[in-house]
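Undergrad: Fold the following and give me the result.
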Amino acid sequence: MMRAMSRGDNEPGRRGHRLCAGVGPLEPGEDRLLLSSSSSSQLRKLRDGAPSSMASLCNPSLSSLPKLESSASPGRALPSSLHPAPRSKRLYRSAASSIPAPRCRAAAAAAARSSVPRRGSMTADNLRRFVDLNSGEWSGSLHQFDARGNLLHKISTKLAASSYGEDELISLIQTLYIKQPQSGTSIAEHDEEPEWAEYKIKETNMFTVDKYQQLGFFPEERAFALRYQTAGMLETVLRQGVLGEDDTGEESPKNLKLPSRRPSLVCENCLYSQQADIRARAFHVMDPKGVIEMLVIFLEERGNGLSPPSLENSDGSRDRIMPFLGNWKGHSVTKRSGVYGATIAEAGSVALLQMDDGGQLVQEITTTSSSGEVTTNVHWTGTMSDNVVTFDGGYQMTLLPGGMYMGCPSNVAKSVAESKSFHLEFCWLEAPGRRQRLIRTYDVEGLAVSSTYFLETKS
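TA: Here you go, the predicted model:
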């Protein structure tokens, strides 16, 4: 049985705010961290700081990027939280742009007509390829992990994605269905059909991918990275998938970890399988202080969904690290974004990860530009505790089941305050000896500047 959600908040002129998945309140188009007032004042003093070697790990030419110039962003501030109605069977408001749909489409068309296509920019053709890549019926599960890589909840989901419009006016429409648990107040029936809650995701078009989502898209590699302004969608899935109709709307439900209403950063990195029509969408969620709050992975399969994929949580920490040890060689593609321009850089990569008998890890990474003129070497040492590898300098890798890990600074706010650029990473080792990595790089002010895709094999 399906429980539909009210679409009233998608209509202009209706009472209440329209929610856009992301951090609020921010001006549209700003992909920056929301930190404490003391950190914010430090950021203003650090505008001209130099990027650290951490960012050069994934983008050797990042140090040559131009300094950021401040600019005002048009539009209204976005709402910062989601307010569920107590004991209501109706779902929360959908994630939608704060600009009425007609204006969104008009802005998208105007932007497309007035811009000169650049290599790596979001053209109408690339937008169509992005829409086609996401369209279809997806079945799978959301897996919520804590910062230590422990599985907290697994929730069955379905996603229906389709499109309307053509050329620069094409839009991606998505509806997420969340399987609800049986209510604690209901009488069990053997043949009772499960309840599925419905959640409308805001549409994606030429305007939103540039101004709101800051999309980094790799059409040939079938991968993308984007930002959210709140964790409202994730909160809805967790509430509906764990509490269902028993949700009273309290801010901190018992036995359920919810994302902050004002997260400092929410980033999605998506990788597609090279062996089947399966994808993994990984979310980093940072709390208001810039510390990792939770990790979320949607593992989904397109098609009939008779046996949707799932991640098991039986692997020990030693078992999780073993597949990543060794020498890896491959190729990377970097696409810069935002004020840094839509440009593309390619490089060769060699990564070595070793662990001694005492459990200490050593990582050596060398990247060489396609021209051979720029070579960058990074040397890290680290230790492993449970499922987390912590490297000197404050970078950590959280090992997950299914041949996956997610990397991020131990404290993003500290990196920004110290004028250090940083990156968020998602790695998927789908088959032995072959892995994909997707990295989202941020500058010293917490602005997304590039996305980098790696394809590597173990030698």
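Undergrad: And the helices in this structure, which stretches?
TA: With DSSP state H, the ranges of helices along the chain come out as 37-45, 53-56, 101-114, 124-134, 206-211, 232-238, 317-321, 412-417.
Undergrad: ok, what's across the strand from Leu295?
TA: Per DSSP bridges, the residues bridged to Leu295 are Phe145, His284.
Undergrad: List the contacts of it.
TA: Counting by Cβ atoms under 8 Å, 6 or more residues apart in numbering, Leu295 touches Gln144, Phe145, Asp146, Ala147, Gly149, Ala282, Phe283, His284, Val285, Thr398, Leu400, Met406. Using the backbone N, CA and C atoms, a C-beta is placed for each residue, glycine as well.
Undergrad: what's the spacing between the last one and Ser163?
TA: Same thing as Met406. 30 Å (Cβ to Cβ, to the nearest Å).
Undergrad: okay, the two: which has more neighbours?
TA: Legend: neighbour count by other Cβ atoms under 10 Å for Met406 and Ser163, higher for Met406 (24 against 19).
Undergrad: my guess is that one contacts Met397, does it?
TA: Yes: between Met406 and Met397 there is a contact at 7.4 Å, judged by Cβ atoms under 8 Å.
Undergrad: any common contacting residues for these two?
TA: Glu425.
Undergrad: So what's the residue count around Asp356?
TA: Look at Asp356: counted by other Cβ under 10 Å, it has 8 neighbours.
Undergrad: Okay, now the unreliable bits of the stretch 251-400 of the chain?
TA: The model of the stretch 251-400 of the chain has pLDDT under 70 over residues 305-306, 313-316, 338-341.
Undergrad: any chance you could map the strands in it?
TA: 265-272, 278-286, 292-302, 326-336, 344-355, 360-369, 375-385, 388-391, 395-400 (DSSP state E, counting those that start in this stretch).
Undergrad: Same check on the stretch 101-250 of the chain?
TA: 136-145, 151-164, 171-179, 196-204, 216-218, 223-228.
Undergrad: Now do the third one against strand 196-204: the angle between them, please.
TA: Between the direction of strand 171-179 and that of strand 196-204, the angle (axes from the mean of the first three to the mean of the last three Cα atoms, to 10 degrees) works out to 160 degrees.
Undergrad: What angle do strand 151-164 and strand 171-179 make with each other?
TA: Going by the same axes, to 10 degrees, strand 171-179 makes 140 degrees with strand 151-164.
Undergrad: Over to the last one?
TA: Angle, strand 223-228 to strand 151-164, by the same axes, to 10 degrees: 100 degrees.
Undergrad: How about the fourth one?
TA: Orientation check (the same axes, to 10 degrees): strand 196-204 against strand 151-164 gives 60 degrees.
Undergrad: go on, the first one?
TA: Between strand 136-145 and strand 151-164, the angle comes out at 160 degrees (the same axes, to 10 degrees).
Undergrad: The most centrally placed residue in the chain: what's it in contact with?
TA: Nearest to the geometric centre of the chain sits Glu268, at 0.9 Å (Cα atoms, centre = their mean). Contact analysis of Glu268 by Cβ under 8 Å, 6+ apart lists Ala225, Leu226, Arg227, Tyr228, Arg281, Ala282, Phe283.
Undergrad: Okay, and the beta partners of it?
TA: With DSSP bridges as the criterion, Glu268 is bridged to Leu226, Phe283.
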